[in-house]
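Enquirer: sharing a model that was predicted from the sequence below.
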Amino acid sequence: MQDNKKYPPIHVLNVMRGFKEPRFRYPITPYRFELQSGERHRVREIRQMHREKVGRGYHYHFVLKTREDRYFHIAFDTAALVWRLIQEVDEQLFFHN
């Protein structure tokens, strides 16, 4: 995930959980993020999260629904300590409850 053009770095305001607590379901919880274009988004809901081992670190992948009802796949690389935009996701890829 080192390709800055394919997966550009982004700013993310998040909480890193220090201990288990019901308010924080995930070890890392993103709340807001900003793209390099200056576009800002607030997270309404985390639709999916998974962690994968990559080298000596982990990648935490999130599919987020924003307050504007847009969906983004972002990831945090624990080895590089950087958040990246993977892609904007179409809502139709999800099953509706």
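Expert: Thanks, I have it.
Enquirer: tell me what the strand ranked longest in the chain is packed against?
Expert: In the chain, with assignment by DSSP state E, the single longest strand is strand 40-54. Using 3 or more C-beta pairs under 8 Å, 6 or more residues apart in numbering; DSSP states H and E as the contact test, the elements touching strand 40-54 are strand 28-34, strand 57-66, strand 71-77. No exception for glycine: its C-beta is placed from N, CA and C like everyone else's.
Enquirer: list the contacts of the second one.
Expert: Read it as strand 57-66. 1, 26-28, 30, 33, 41-52, 71-80, 86, 89 (C-beta atoms under 8 Å, 6 or more residues apart in numbering).
Enquirer: now that strand against strand 40-54, angle please.
Expert: Strand 57-66 and strand 40-54 are oriented at 150 degrees to each other (axes from the mean of the first three to the mean of the last three C-alpha atoms, to 10 degrees).
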